[in-house]
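A.B. asks: fold the following.
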Amino acid sequence: MKPPEGRETRLVRRIETEGLVAKADIERAQTHATERGIGLRTALVELGLVASSEILRTLEETYQIPSVSLPHYEIDPRALAAVPAELARHYEVVPLFRIGETVTVALADPLAYWVLEDLEVKTGLKVKPAIAEEAEIGPALERAYGPATEKIGPPPAAPDDREYEERVQTVQTEDETISLADLAAESEDVSVVRTVQSILGRAIECRASDIHLEPCEDRLRVRYRVDGYLQDVGVYPPELRQPVASRVKILARLDIADKRRPHDGRFKMKLGERRCDIRVSTLPTPFGEKVVLRLLDPETHRYGLDDLGFAPDTLARFREICQIPYGIVLVTGPT
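C.D. replies: Numbering: from 1, shown residues only. Presented below is the predicted three-dimensional model:
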């Protein structure tokens with residue numbers, strides 16, 4: 001699923017055309033959105049420049065995505081069965097109805113394509129969006145699934161970035177160890193170095209398996225995968241999109257000048273006494289390079305064949321095959 005082109009540009013043009021908000025107020029809202037790390041829609045409502053219902057109508061007409069009033073909607077039980085409660089609460093979506101292999105969900109931001117993509121992967125169904133008022137999402141989830149007993153929340157609050165500047169001491173490539181002081185000389189801005197160190201340090205402390213650095217039109221979005229779930233952990237101003245990606249590429253010894261092709265690399269880092277092997281993959285997007293880092297912590301538990309849940313007869317057969325001196329065993333998975 002591809003992100004809608006021009007995301008908030010089309011919304012801004014529509015708002016201006018209809019005379020809902022003056023151009024100067026839209027610019028003020030865009031500045032407010034960048035400073036707060038929120039979307040333009042939320043910023044316009046927060047500043048009292050336009051009613052939420054007007055934004056909802058404009059979104060529906062601009063993107064041809066239907067809107068729904070959740071307090072009066074009768075939810076299809078098949079949709080609830082397709083989307084588990086923990087997923088619905090985590091992504092703040094309300095399943096509405098299911099037709100065949102397609103489920104329609106209501107969410108406040110219909111342009112959050114990454115939410116729809118994650119839900120498609122986790123449910124195995126095609127997921128279509130509908131627009132709902134943000135204030136109606138929580139009550140609708142409680143009405144549909146009952147009171148939440150456990151909420152999947154973000155990792156612990158991040159300490160000051162300067163703490164990681166002191167604790168993250170070395171970065172190691174395949175065949176050499178280089179001090180961060182030497183690497184910092186290759187970067188133009190010390191704040192970029194500190195930002196990347198903070199992102200990496202927090203991820204290791206949260207025991208994240210992956211870090212996603214996602215350049216969006218109006219921000220750099222950072223997500224961690226913890227216990228299998230992608231969690232939003234922060235947003236940064238759009239001007240940090242490429243510097244942060246370049247900094248990671250420097251650590252992985254990748255060509256920072258080549259932004260048009262995917263790249264793969266790796267490096268090792270040390271946080272206090274803990275070491276972590278990090279695999280890096282980059283992918284060009286319309287708003288800059290998307291970077292995914294896979295964190296391989298040697299301190300995590302290593303599973304043996306007996307721990308993987310094989311049925312006894314399957315395990316015996318697998319061990320037998322492994323003794324054959326020829327042939328191939330193909331192990332596949334989500335990655």
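A.B. asks: drop to CA atoms for contacts and neighbour counts, all remaining ones
C.D. replies: Will do.
A.B. asks: mind listing the helices for the stretch 51-200 of the chain?
C.D. replies: Counting by DSSP state H, counting those that start in this stretch, the segments of the stretch 51-200 of the chain that form helices are 52-63, 77-82, 85-91, 113-123, 134-145, 161-167, 180-184, 190-205.
A.B. asks: I'd like the mean pLDDT over the second one, please.
C.D. replies: Here the mean pLDDT over helix 77-82 is 90, rounded to a whole number.
A.B. asks: in TSV, list the helices of the stretch 51-200 of the chain along with mean neighbour count and distance to Phe318.
C.D. replies: Formatted as TSV, the helices of the stretch 51-200 of the chain follow (neighbours: other C-alpha atoms under 10 Å; distance: least, C-alpha to C-alpha, whole Å):
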stretch	mean neighbour count	distance to Phe318
helix 52-63	16	52
helix 77-82	16	34
helix 85-91	18	34
helix 113-123	16	28
helix 134-145	16	42
helix 161-167	16	44
helix 180-184	14	46
helix 190-205	20	34
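A.B. asks: is Val292 part of a helix or strand, or is it coil?
C.D. replies: Reduced to three states with DSSP: H, G, I helix; E, B strand; the rest coil, the structure at Val292 is strand.
A.B. asks: let me know the pLDDT of the residue lying closest to Ser67 once chain neighbours are set aside.
C.D. replies: Ranked by C-alpha to C-alpha, 6 or more residues apart in numbering and with sequence neighbours excluded, the top spatial neighbour of Ser67 is Ile131, at 4.3 Å. Note for Ile131: predicted pLDDT of 89.
A.B. asks: over to the one 3 residues further on?
C.D. replies: Residue-level confidence at Glu134 comes out at 79, pLDDT.
A.B. asks: got a list of what it touches?
C.D. replies: With contacts defined as C-alpha atoms under 8 Å, 6 or more residues apart in numbering, the neighbours of Glu134 are 107-108.
A.B. asks: 7 Å instead, please
C.D. replies: Ala108 (C-alpha atoms under 7 Å, 6 or more residues apart in numbering).
A.B. asks: Glu35 versus Ile321, what's the distance?
C.D. replies: 59 Å (C-alpha to C-alpha, to the nearest Å).
A.B. asks: likewise for Leu220?
C.D. replies: Taking C-alpha to C-alpha, one finds Leu220 at 12 Å from Glu35.
A.B. asks: comparing the two, which residue is more hemmed in?
C.D. replies: Set Leu220 next to Glu35 and count neighbours by other C-alpha atoms under 10 Å: Leu220 wins out with 23 against 13.
A.B. asks: who's that one bridged to?
C.D. replies: Beta bridges link Leu220 to Pro215, Tyr236, judged by DSSP bridges.
A.B. asks: these two touch, right, it and Gln242?
C.D. replies: No - between Leu220 and Gln242 there is no contact under C-alpha atoms under 7 Å: 9.1 Å.
A.B. asks: returning to that earlier point: where among the helices of the stretch 51-200 of the chain is average confidence lowest?
C.D. replies: Among the helices of the stretch 51-200 of the chain, helix 180-184 carries the lowest mean pLDDT, at a mean of 43.
A.B. asks: that older thread, my read: the residue nearest to Ser67 touches Ala106, true?
C.D. replies: Yes - contact criterion C-alpha under 7 Å: Ile131 and Ala106 qualify, at 5.5 Å.
A.B. asks: residue contacts, the residue positioned nearest the centre of the chain?
C.D. replies: Residue closest to the average C-alpha location in the chain (C-alpha atoms, centre = their mean): Arg223, at 4.0 Å. Residues near Arg223 by C-alpha under 7 Å, 6+ apart: 211-213, 230-233.
A.B. asks: give me the element Arg225 is part of.
C.D. replies: strand 220-226 (DSSP states H and E).
A.B. asks: quick check: buried residues in that strand?
C.D. replies: For strand 220-226, the neighbour count (16 or more other C-alpha atoms under 10 Å) marks 220-226 as buried.
A.B. asks: ditto for stretch 40-52
C.D. replies: For stretch 40-52, burial by neighbour count (16+ other C-alpha under 10 Å) applies to 40-45, 50, 52.
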